[in-house]
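Student: coordinates only, sequence not included:
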């Protein structure tokens, strides 16, 4: 994201910016297993002052009035293993009689609720044949079935829409706006500003020291018409001077202006750090010692408001100097979620130069699906084409490891560099028209305002949960009514069948009861199949027309005899 130069005084060209003086990069040793520790254990002197160390040369004899030490190696802490208690085991105190009864009552209540839930009817479908016996006619059953079908489609549609809304809200949508930055400087106590000061004189006043003050101000273009500068002038300025030994930005102004969700975004909201590098050396050949650096403090606890020093629209710093100086203002972007600069290999695959970690992983997965690189047998594996081989360094990859493949190719975003020339000469500041500021336009991302203005109803509306409970109660009542209808339908079928053929119905009913009794008493060989019991009358009766005269019986007998090896000759 490069800033767009809008006009004003053009910065002078100078040598390329380098790292600020006094800053060095220290790299520690590579991580590895911790070295073996040793402990010095003092030993009491023995007789004659002689100590013998096993495995080493004997020490000197005699003398030895001082304290001796033995190096005892401490065992290195091992890897993952069973947890061992460091002290004696703490036995759990026995429960009292009251606690035992309370626990027993609690378990009984839980089991009772589980039984009630298991017995609760859930079927809401009308039984078959109910259309013919309804008082209102078959139209009622048809209308109920249509309502059930419509409810099923409505539930599916609402579930899909609910998931779509939650997905759109949690996607962290961003909008891009323009942040305009003005950079100006003023001078104080310059030699040309003091009328009584003679340049050729060697008698310099002790209290006269030339200084300049640089002001960096940023505002969103959409917010300039909504807010008034005068109302916030006291609370939006940050001043740093050389008297501050820490060289960090300090807030000037007694009225703090904390950032609230409903307010506009301030200049400091978009950046996590700001530094000013002095590029141009002075005439004496030395660089300015005091640099400018500001870092946004962390939120402690998480989610709380930032302190007043981290919420401003204007940053001002003051330094000593009487010559023009080229500076570079470095703005380090604050992104939530954090964005990274992609390497050349990953940029060729995703066709983007910046992305979040989630966007990079999702884009890599979409690339694999687009070019159908997944293996047919194992969808978790994929083949690597030429670009993926340059990215991963292998011919095949594993989809659950996409995050590991992407991480080495993510780099922190480079700072936004704003060059500026600090002018302290009389020609620039004594011009008829006021010195024009240097203006830059920066493209920044902000949260979608619709996300805060239109929250999700079923998440933030307290009546949504109450509505769900009411619908659940209506469903339970409907299931109870359907169960009662099924019971009434069974009674109606029983009475109707008895009315049509009392004798035949009673015989069938008694046969059914007998079969059920045999199953309960265990007399039937197969549960529910008492009619096929071998002890029945049809198996006892022989002759023509019986079970034994059928072809199935004859084939079964022949098969049994052939297996035993003595089947009759006429049946071989």
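Tutor: The structure has been received and is ready for your questions. As the structure is a prediction and not an experimental result, all values here were calculated from the model.
Student: what helix or strand is residue 176 on?
Tutor: Assessed by DSSP states H and E, residue 176 sits inside strand 174-188.
Student: State the mean pLDDT of that strand.
Tutor: For strand 174-188, mean pLDDT rounds to 92.
Student: go on, stretch 410-422?
Tutor: The pLDDT scores in stretch 410-422 average 95.
Student: Quick check: buried residues in the top helix by length along the chain?
Tutor: Identified as the longest helix of the chain according to DSSP state H is helix 463-500. Of the residues in helix 463-500, those buried by neighbour count under the rule 16 or more other C-beta atoms under 10 Å are 479, 482, 486, 489. Using the backbone N, CA and C atoms, a C-beta is placed for each residue, glycine as well.
Student: Likewise for stretch 541-553?
Tutor: Buried residues in stretch 541-553, counted by 16+ other C-beta under 10 Å: none are found.
Student: Can you give me the end-to-end span of it?
Tutor: Its first and final residues considered, stretch 541-553 spans 14 Å by C-alpha to C-alpha, to the nearest Å.
Student: Under the pLDDT cut-off, which ranges of the stretch 301-450 of the chain? List them.
Tutor: Applying pLDDT under 70 to the stretch 301-450 of the chain flags residues 301-306, 308, 450.
Student: still on that earlier bit, continuing past the strand holding residue 176, what's the next helix or strand?
Tutor: Taking DSSP H and E, what comes next after strand 174-188 is strand 211-220.
Student: who does that following strand touch, helix- and strand-wise?
Tutor: Strand 211-220 sits against strand 174-188, strand 314-320, strand 416-422, strand 438-447, with contacts defined as 3 or more C-beta pairs under 8 Å, 6 or more residues apart in numbering; DSSP states H and E.
Student: how about the helices in the protein?
Tutor: 97-119, 138-170, 229-232, 344-350, 357-370, 386-392, 402-406, 426-429, 449-453, 457-460, 463-500, 502-521, 537-540, 551-564.
Student: For residue 193, which of those helices is the nearest?
Tutor: Closest to residue 193 of those, according to C-beta to C-beta: helix 426-429, at 8.1 Å.
Student: which residues sit against the closest one?
Tutor: Contacts to helix 426-429, defined as C-beta atoms under 8 Å, 6 or more residues apart in numbering, come from residues 9, 186, 187, 190, 192, 423, 435.
Student: go on, stretch 128-139?
Tutor: With C-beta under 8 Å, 6+ apart as the criterion, stretch 128-139 contacts 140, 141, 142, 485, 489, 492.
Student: ok, which pair from those is furthest apart?
Tutor: 142 and 492 (19.3 Å).
Student: for this structure, which spans come out with low pLDDT?
Tutor: Where the chain drops to pLDDT under 70, the residues are 1-92, 195-208, 223-263, 280-289, 300-306, 308, 450-460, 523-537, 539-540, 565-572.
Student: would you list the helices and strands packed on strand 211-220 in JSON lines and tack on distance to residue 337 and mean neighbour count?
Tutor: Below are the helices and strands packed on strand 211-220 laid out as JSON lines (distance: least, C-beta to C-beta, whole Å; neighbours: other C-beta atoms under 10 Å):
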{"stretch": "strand 174-188", "distance to residue 337": "10", "mean neighbour count": "17"}
{"stretch": "strand 314-320", "distance to residue 337": "26", "mean neighbour count": "21"}
{"stretch": "strand 416-422", "distance to residue 337": "19", "mean neighbour count": "20"}
{"stretch": "strand 438-447", "distance to residue 337": "11", "mean neighbour count": "18"}
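Student: Dump the ones you listed into a markdown table; add distance to residue 378 as well.
Tutor: Formatted as a markdown table, those follow (distance: least, C-beta to C-beta, whole Å):
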| stretch | distance to residue 378 |
| --- | --- |
| strand 174-188 | 37 |
| strand 314-320 | 56 |
| strand 416-422 | 45 |
| strand 438-447 | 39 |
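Student: can you tell which of those is closest to residue 545?
Tutor: Using C-beta to C-beta, the nearest of the helices and strands packed on strand 211-220 to residue 545 is strand 174-188, at 88.7 Å.
Student: can you give me the angle that closest one makes with strand 211-220?
Tutor: 160 degrees (axes from the mean of the first three to the mean of the last three C-alpha atoms, to 10 degrees).
Student: partners of strand 174-188 in the sheet?
Tutor: Partners of strand 174-188 in the sheet, by DSSP bridges, are strand 211-220 (antiparallel), strand 438-447 (antiparallel).
Student: okay if I get those strands as CSV plus distance to residue 351?
Tutor: Output for these, formatted as CSV (distance: least, C-beta to C-beta, whole Å):
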stretch, distance to residue 351
strand 211-220, 29
strand 438-447, 19
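Student: what's the closest of those to residue 401?
Tutor: strand 438-447 (29.7 Å).
Student: neighbouring contacts of stretch 393-413?
Tutor: Contacts for stretch 393-413 (C-beta under 8 Å, 6+ apart): 332-333, 335, 339-343, 345-346, 354, 357, 360-361, 364-365, 368, 374, 379-384, 388-389, 391-392.
Student: Now, of these, which are buried?
Tutor: Buried, going by 16+ other C-beta under 10 Å: 332-333, 339-340, 342-343, 345-346, 360-361, 364, 368, 374, 382, 384, 388, 391-392, out of the contacts of stretch 393-413.
Student: got the contact list for residue 181?
Tutor: 3, 216, 217, 218, 267, 418, 439, 440, 441, 442.
Student: what's around the fifth one, how many residues?
Tutor: Counted by other C-beta atoms under 10 Å, the residues lying close to residue 267 total 23.
Student: So for it, what's the nearest residue that isn't a sequence neighbour?
Tutor: residue 218 (3.5 Å; C-beta to C-beta, 6 or more residues apart in numbering).
Student: what about residue 517, distance to residue 155?
Tutor: 45 Å (C-beta to C-beta, to the nearest Å).
Student: Kindly apply the preceding question to residue 461 instead.
Tutor: 19 Å.
Student: Please name the residues that touch residue 390.
Tutor: With C-beta under 8 Å, 6+ apart, residue 390 has these contacts: 345, 348.
Student: mind running it again at 7 Å?
Tutor: The contact partners of residue 390, by C-beta atoms under 7 Å, 6 or more residues apart in numbering, come to residue 345.
Student: and if you look at residue 415?
Tutor: Contacts for residue 415 (C-beta under 7 Å, 6+ apart) come out as 330, 331, 332.
Student: ok, so of those, who is nearest residue 471?
Tutor: Among the contacts of residue 415, and counting by C-beta to C-beta, the member closest to residue 471 is residue 332, at 51.3 Å.
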